[in-house]
Each structure stands twice: as structure tokens, then as C-alpha cells.
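A.B. asks: how does the following fold in three dimensions:
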Amino acid sequence: MSPLHHPSDETLLAHAAGALDEAFRVIVAVHIAACAQCRSLVLRAEQVGGEMLDTLAATAMTGDALDRTLARLDEQGPADRPAAPPPDGLPAALAGYTIGRWRSLFPGVALASILPPERGRAGLHLLRLAPGRALGDHGHGGREMSVVIAGAVTDERGTYGPGDVAERDDEAHHAPVVVGGQTCLCLIAVEGRLRFRHWALRLLQPLIGV
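C.D. replies: Next up is the predicted model:
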């Protein structure tokens, strides 16, 4: 079944242009692997970009361009090994990434980090929620994107199944709840910290780590 919730056109075009932060780029890659509609849009955008490059006037190279290029090649180490495949059940877009250990945040909710957040870069995490569990009502310190890998989750904007993407900005709040009898596994990219509304969850924020 094709995904019902898609990244915005702006996000897809930024992905095609190579302008997305790495964490968001992985989210979009997971989605377009499952969504022919968005995959086609990204391909068209890449083709248009290539055609625009072909129209640019040629620029004269400096006299030492070849020598500098050969020197850079000499600096390269042995060819990289093929990226290790992701663990069973995870998307191909995660090939080559190291999945951190699972940490229990509270009963039925666990997190495994893939890319830690750094200055100017979003964090990338796997989030696992048991059937019926909810992630407390929260907002975001920046942009958040998530894609469902398995199971389903619902919030005020609808129900999200495998391949579906949710985008939130720093003004949005939501309280996703797992629906159905299957554990929900999501991949999330987050700028800044989550902002929980419940005081108890705010006290746990240092332990949650996102």
C-alpha cells in the first residue's frame, strides 16, 4: 500500500538538490523508497537540475587544476568497503549507519540513537512504542520529521502507517498514540529538544536525551 502522508514539495526539492541536513535526508530516502509518487518528483527535479547545469557557461580552469586533482587522488586512502547492510527489518537507507543501543525512556517506549544532534545538525533516532503506548504531548525546539517503518501511530492530523512522513515545525504540538496490535517503529529526525507539556516528562528530559 502506498504511503498517504508525504514530505512537502519544498522538502522533496531540497532533497533532490542535496540541500537537506543528513538526518532529514535519510527520512526522505526511506519515504521515497516506498512512494513512487515522491520518487518520481525527486527524479524529475534532479533531471531539471542537471539540464540547468548544462546551460551554464564554461569556466576556464587554472593552469594547475590537473596537478591539484591528481594530488587529491593520491591523498585518498583505500577504497571504502561496501556499506554494511542495516539490521533485519530496517530500511536500506540506514545501510552503513551504526544503530546505538536501545534505551528505555519509560514503559513501552524506547529510543536508539543513530546520529547524535550537534550544533547545526539534527539528531536521527529510532523510536519504538509498544501497542497502545503514547508519546507525551510535546512540541519541538526546531524542525521534526518522522517516518513510520512498522506499525501505525495516530495524532490530531491523522493515522500514519509504514512509509508515511510527518513534518512538524517549532510551533506544532502533538501527542502520537500507537494504534493496532503491532509495535510501532519510527525513524525520527529532530532539531533541538522536544518540549513536553507535562511537568513529569519535563523532569525526565535529561534522561530522555532528545
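A.B. asks: who does residue 177 bridge with?
C.D. replies: residue 134, residue 154 (DSSP bridges).
A.B. asks: surely it meets residue 151?
C.D. replies: No: contact criterion C-beta atoms under 8 Å: residue 177 and residue 151 do not qualify, at 11.5 Å. In this view, the C-beta of every residue, glycine as well, is placed from N, C-alpha and C.
A.B. asks: neighbour-wise, which of these two wins?
C.D. replies: For residue 177 versus residue 151, neighbours defined as other C-beta atoms under 10 Å are more numerous around residue 151 (21 against 16).
A.B. asks: how far away is that one from residue 130?
C.D. replies: Distance of residue 151 to residue 130, given as C-beta to C-beta, to the nearest Å: 10 Å.
A.B. asks: now list whatever residues contact both of these two.
C.D. replies: Listed contacts common to residue 151 and residue 130 are 178, 183; contacts here mean C-beta atoms under 8 Å, 6 or more residues apart in numbering.
A.B. asks: and residue 32, what helix or strand is that in?
C.D. replies: Following DSSP states H and E, one finds residue 32 within helix 22-34.
A.B. asks: and the pLDDT at residue 35?
C.D. replies: Looking at residue 35, its pLDDT is 96.
A.B. asks: one more: residue 149?
C.D. replies: So residue 149 comes in at 96 (pLDDT).
A.B. asks: contacting residues for it?
C.D. replies: Contacts of residue 149 were listed using C-beta under 8 Å, 6+ apart, and they are 30, 89-91, 126, 162, 185-187.
A.B. asks: direction included, what does the helix or strand containing it pair against?
C.D. replies: Following DSSP H and E, one finds residue 149 within strand 144-150. With DSSP bridges as the test, strand 144-150 is paired with strand 165-168 (antiparallel), strand 184-190 (antiparallel).
A.B. asks: what is residue 187 paired to in the beta sheet?
C.D. replies: With DSSP bridges as the rule, residue 187 is bridged to residue 126, residue 147.
A.B. asks: quick check: which ranges of the chain have low pLDDT?
C.D. replies: Counting by pLDDT under 70, the chain has low-confidence residues at 49-63, 65-83, 119-120, 136-142, 170-174, 192-210.
A.B. asks: can we see that at 50?
C.D. replies: 51, 54, 76-79, 81, 197-205 (pLDDT under 50).
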